[in-house]
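S.K.: Build the 3D model from these lines:
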Amino acid sequence: MNTTTKPTPKVVPSNTPSRHLKRADLDAMAAKVSNWGRWGPDDEIGTLNHVKPSDLVGAAGLIRKGKAISLGLDFNFRGPQSGWGGRFNPIHSMLATGTDAVAGNQDHLGLRYADDMVTMPLQCGTQWDALGHIFYGDKMWNGYDATLVDATGAKKNGIEKTRDKMVGRGVLLDVARFKGGDSLAPGYGISSQDLDDCAKAQGVEIRPGDFVIVRTGHMEHCLDADDWGGYAGGDAPGLRFETCEWIHRKDIAAICFDTWGCEVRPNESMEIGQPWHWVVIPMIGITMGEIFNVRELAQDCLADGVYEFFFCAPSLPITGAVGSPINPIAIK
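M.R.: Got it, this is the predicted structure:
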């Protein structure tokens, strides 16, 4: 009889950021970090402009052992969504099956086949937020009017504008392990200093044009417990509001997390929902990746001590969409 028990996961306690932010604080930060007009009045891809052809050549050189690692969560009805904002988990339906074929119900000149479809919100699993996803007042990225996103989709800042832009140097910042735990507790606010210190401890430099992926361990905690709990829209570890300046200063291409919404929850405001989102998407113009499954990547980086890799995560070119499901790949 095997009596071996799994060790209890170590959770780094919450540091409980204050919830003092007011609208005036957001306005001040928005003015300080705004990239509107930086790449011209017609720009629709924001910080993805930081990725240069030389960055792609350099990223290709990071492939040394030929190992590809998926960062995508399986898309199925057991996913993390719990109804927040009307989001639900994918519904997979069969249009034709092997059962039909054997029963002779769908032969077409001898052809037997299976076919299927999926119904889901575009942001229910591992995904990109497009620059048309969040508004600052009545404006979105680069000063475009929010009404340009209507019932037929986004006329500006749609996800299809990024179809060939989600490629470059990826960097993993394993903040949970750097802080000495398997995961960060819900409500743990990651500071700019945490990000810099983690990078230094891992021996990796954050460069302009990087795709920065942050591990909190929050998803793994839910998967291991077989319970998503409040993962979608509930309390979670994540970035503090002050990291808006870090993102702007570093000139990174995108920021990605293993959580539902990247920023710390409860939010740092009692009166403004998702204040960090208000600034980073519409003002800085950064594309954001959420619900990334980074367990295997983190284990591999720990084993070989290499926290940089070739990263590729194309969005689906869905015309006018404000988000896209993806299966990101890290290649080392």
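
S.K.: so where is the stretch 151-300 of the chain shaky, pLDDT-wise?
M.R.: Segments of the stretch 151-300 of the chain classed as low confidence (criterion: pLDDT under 70) are not present in this model.

S.K.: What segments of it are helices?
M.R.: 175-178, 192-202, 218-225, 243-250, 275-279, 295-304 (DSSP state H, counting those that start in this stretch).

S.K.: The longest one - contacts with which helices or strands?
M.R.: Contacts defined by 3 or more CB pairs under 8 Å, 6 or more residues apart in numbering; DSSP states H and E place helix 192-202 against strand 167-174, helix 175-178, helix 243-250. For every residue, glycine as well, the C-beta is placed using N, CA and C.

S.K.: quick one, which of the ones you listed is nearest to residue 260?
M.R.: In terms of CB to CB, the element of those nearest to residue 260 is helix 175-178, at 16.0 Å.

S.K.: send the alpha carbons of the closest one over as PDB?
M.R.: As requested, the backbone C-alpha atoms of helix 175-178 are provided in PDB (Å, rounded to 0.1, in the frame of the first residue of the first chain):
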ATOM      1  CA  VAL A 175       7.500  35.400  -9.300                       C
ATOM      2  CA  ALA A 176       5.900  32.700  -7.200                       C
ATOM      3  CA  ARG A 177       9.100  30.700  -7.000                       C
ATOM      4  CA  PHE A 178      11.300  33.800  -6.600                       C
END
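
S.K.: ok, and what's touching it?
M.R.: The list of residues contacting helix 175-178 from outside it, by CB atoms under 8 Å, 6 or more residues apart in numbering, reads 12, 182-184, 190, 194-195, 197-198, 201-202, 214-217, 298, 302.

S.K.: What is the burial count for residue 46?
M.R.: With neighbours defined by other CB atoms under 10 Å, the count for residue 46 comes to 29.

S.K.: distance of it from residue 315?
M.R.: Between residue 46 and residue 315 the distance, using CB to CB, to the nearest Å, works out to 13 Å.

S.K.: Name the nearest residue to the residue nearest the centre of the chain, sequence neighbours excluded.
M.R.: Most central in the chain under CA atoms, centre = their mean is residue 289, positioned 1.8 Å from the mean C-alpha point. In space, and not counting its chain neighbours, residue 289 is closest to residue 256: 3.2 Å by CB to CB, 6 or more residues apart in numbering.

S.K.: Is the one you found bridged to anything, and to what?
M.R.: residue 213, residue 289 (DSSP bridges).

S.K.: Pull the contacting residues for it.
M.R.: Counting by CB under 8 Å, 6+ apart, residue 256 touches 71, 211, 212, 213, 214, 262, 288, 289, 290, 292, 328.

S.K.: ditto for residue 240
M.R.: By CB under 8 Å, 6+ apart, the contact list for residue 240 reads 17, 189, 190, 191, 192, 263, 264, 268, 276.

S.K.: Same question for residue 297.
M.R.: Under the criterion of CB under 8 Å, 6+ apart, the contact list for residue 297 reads 69, 71, 172, 213, 309, 330.
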